[in-house]
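> this one's structure only:
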């Protein structure tokens with residue numbers, strides 16, 4: 001299906017700029033007596049826009065308007081002159097230069113905030129870039145947006161038409177043209193703008209539906225055009241469209257009717273293209289119906305009109321000759337077809353290079369135009385300054401007194417601000433210094449807390465290690481004596497007694513091994529606690545980690561208070577998964593919670609006496625997307641008035657010298673900031689507390 005011709009496409013341009021030759025003479029007479037002012041610029045621009053048959057003269061008046069506008073500093077006049085120069089270049093198909101003129105006018109329209117002018121320039125650039133439809137659509141969409149902002153109905157309609165036609169040029173975007181064209185037709189039905197554009201929009205819609213196989217919809221729009229066509233050439237074109245559609249639907253009767261109309265009309269105006277199209281397609285109809293003699297007659301008539309429809313003529317003659325067994329003639333036309341296809345391929349390749357060359361030339365000329373444009377803008381600014389100097393002189397003299405008074409006031413305020421800024425800078429430096437000292441002190445306190453904790457644990461561990469070591473020493477001494485006795489019994493030949501001693505000796509060695517492993521586990525736990533964190537996360541069994549630090553916390557408490565006793569209970573979820581955590585840091589967080597729980601129940605025990613049974617419960621639980629570790633105690637609980645402070649650094653309820661207030665703060669940071677978890681507490685006074693660690697996993 002043939003797309004809209006380039007001439008039809010460019011006809012949209014005439015909708016915007018209509019030639020008015022009748023005005024030229026009268027405008028020239030007015031121009032002769034006109035002063036060098038903005039009115040003369042307007043007349044020059046109007047003259048340029050009214051000339052349609054002398055491109056050089058049209059360009060001359062536009063150039064004069066541009067130069068005068070620059071001398072006067074009249075930006076709007078210059079932008080209009082640049083638009084006329086661009087249109088003049090469009091008339092001779094010099095799209096590269098046209099683009100540059102339109103682009104320069106856009107910059108000026110933006111500078112003076114002239115939305116109507118900016119929209120028109122964007123539309124014109126889209127026209128200049130029609131060989132690169134995808135890029136042209138971008139400019140046309142910008143033009144449409146501005147036309148909608150300023151409610152320019154005629155501009156909206158022409159922009160919608162242009163967008164639809166440009167999109168229809170590219171097969172991949174053809175269907176997306178339909179909403180724009182339908183909206184354009186709807187607006188036209190309300191406001192009755194641009195009858196010719198309306199017919200063209202219907203034609204494009206019909207082409208899109210034809211190409212997508214929706215032939216009934218295509219026929220609807222083609223018949224709409226048929227009823228509105230008046231000029232003979234338009235009637236012929238519609239006959240061609242309807243003939244192609246009915247032929248594709250295999251409705252040979254109606255197809256033959258419209259192609260016959262096309263043939264008769266084209267003969268009247270000697271249009272070889274339409275005549276060739278009619279003959280080829282009438283030949284195709286008879287070929288499809290196996291009327292080879294009639295088909296041959298039509299194709300031979302079309303052959304005389306080559307190069308029109310050249311490939312289709314050759315293909316039809318090849319098919320007919322093959323059907324009737326004339327293979328020599330078929331071979332001859334096959335060779336002609338191949339020569340045509342090779343030439344056509346070369347031409348298509350050149351056409352594909354046109355948008356590439358267009359973009360290259362645009363970028364090249366944009367670089368040079370940018371320099372010219374900057375120079376022009378500088379000249380404009382200078383001319384504006386000269387033009388306004390006289391007015392400014394009078395204003396300057398009238399306002400000199402106010403200026404002096406204002407300057408004095410501003411100078412005084414400036415001195416005050418400088419003093420205030422100096423004072424603020426000093427205070428800022430002092431605050432920064434104080435903050436640095438506080439951070440340093442905080443780090444030292446955190447380190448002291450860690451060392452104190454390590455010292456307490458070390459003392460407790462040393463005490464706990466002594467107990468298994470005593471067992472090891474005692475059983476070693478006894479084992480040594482048993483060996484001496486066993487030797488004596490063997491010498492006496494009393495093997496029964498020797499075996500009994502050997503059995504006792506084995507039991508002693510098992511106990512030595514048991515207590516040695518106990519000491520080893522205590523030492524490993526102490527080393528694990530004192531080890532500097534690497535900061536690297538590892539897959540860790542939460543149950544094992546919690547159990548390990550429960551033992552460490554208990555031994556540490558026992559080291560400080562020999563009478564300390566507590567009922568410990570663990571409720572570990574055996575289905576719990578391993579999770580990625582920093583084991584040393586998470587261990588310290590759990591240890592802090594356990595130390596607080598042991599401290600709470602121990603203090604309550606001192607107050608309540610024998611009637612109180614302290615207990616601490618440690619549990620783990622696997623949720624759907626998280627793991628929970630809970631530490632519960634039946635101590636005194638936390639008062640409600642301090643509950644919101646317990647995670648603050650340095651806040652503690654312990655007596656002076658017994659705590660730094662960093663334990664819960666460090667635990668909170670490790671759990672929330674380092675591991676992305678939560679640390680919550682539930683408590684009741686005199687009933688106890690429950691801390692919950694929730695970690696992702």
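Looks like it came in fine. Owing to the predicted nature of the structure, the values given are computational and were not obtained by experimental measurement.
> for the helix or strand where residue 99 lies, packing partners?
Element membership of residue 99 [criterion: DSSP states H and E] is helix 95-111. The helices and strands touching helix 95-111, judged by 3 or more Cβ pairs under 8 Å, 6 or more residues apart in numbering; DSSP states H and E, are helix 75-91, helix 115-128, helix 327-492. For glycine as for every other residue, the C-beta is placed from the backbone atoms N, C-alpha and C.
> Out of these, which gets the lowest mean score?
Taking each of the helices and strands packed on helix 95-111 in turn, the one with the lowest mean pLDDT is helix 327-492, at a mean of 71.
> in the stretch 501-650 of the chain, which segments are predicted with low confidence?
For the stretch 501-650 of the chain, the stretches with pLDDT under 70 are 521-534, 650.
> Which stretches in it count as strands?
538-540, 567-571, 579-581, 615-622, 626-633 (DSSP state E, counting those that start in this stretch).
> Please identify the most buried of these.
Ranked by mean neighbour count, the strands of the stretch 501-650 of the chain are led by strand 626-633 with a mean of 21 (mean count of other Cβ atoms under 10 Å).
> Adjacent strands (with direction) for that one?
Looking at strand 626-633 with DSSP bridges, its partner strands are strand 615-622 (antiparallel), strand 688-696 (antiparallel).
> So what touches the first one?
With Cβ atoms under 8 Å, 6 or more residues apart in numbering as the test, strand 615-622 has contacts from 542-543, 546, 550, 566-573, 575-577, 594, 597-598, 601, 627-634.
> just the last one next, same as before
Contacts to strand 688-696, defined as Cβ under 8 Å, 6+ apart, come from residues 579, 581, 589-590, 593, 596-597, 600, 623, 625-638, 671, 675-683.
> Which strand or helix spans the residue most central in space within the chain?
In the chain, the residue lying closest to the centroid (Cα atoms, centre = their mean) is residue 138, at 19.1 Å. Residue 138 is part of helix 133-149, with elements assigned from DSSP H and E.
> buried stuff in that helix?
By 16 or more other Cβ atoms under 10 Å, the buried positions in helix 133-149 come out as 133, 135, 136, 137, 139, 140, 141, 142, 143, 144, 146, 147.
> What are the structural domain limits within this structure?
Annotated domains of the chain cover 229-325, 538-696 [automatic domain parsing].
> With distance to residue 342 as added columns, please give these in a markdown table.
What follows is the domains of the chain, written out as a markdown table (distance: least, Cβ to Cβ, whole Å):
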| stretch | distance to residue 342 |
| --- | --- |
| domain 229-325 | 11 |
| domain 538-696 | 67 |
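> nearest to residue 417, of those?
domain 538-696 (38.2 Å; Cβ to Cβ).
> and the end-to-end length of that closest one?
In domain 538-696, first residue to last residue: 14 Å (Cα to Cα, to the nearest Å).
> Run the chain-centre distance for it.
Domain 538-696 sits 46 Å away from the centroid of its parent chain (Cα atoms, centre = their mean, to the nearest Å).
> still on that earlier bit, ranking the domains of the chain by burial, who's on top?
Among the domains of the chain, the stretch with the highest mean neighbour count (mean count of other Cβ under 10 Å) is domain 229-325, at a mean of 19.
> Go ahead and confirm residue 568 touches residue 547.
No - with contact defined as Cβ atoms under 8 Å, residue 568 does not count as touching residue 547 (10.4 Å).
> check contacts around the residue of the chain positioned farthest from its centre.
For the chain, the largest distance from the centre (Cα atoms, centre = their mean) belongs to residue 492, which lies 96.1 Å off. Counting by Cβ under 8 Å, 6+ apart, residue 492 makes contact with nothing.
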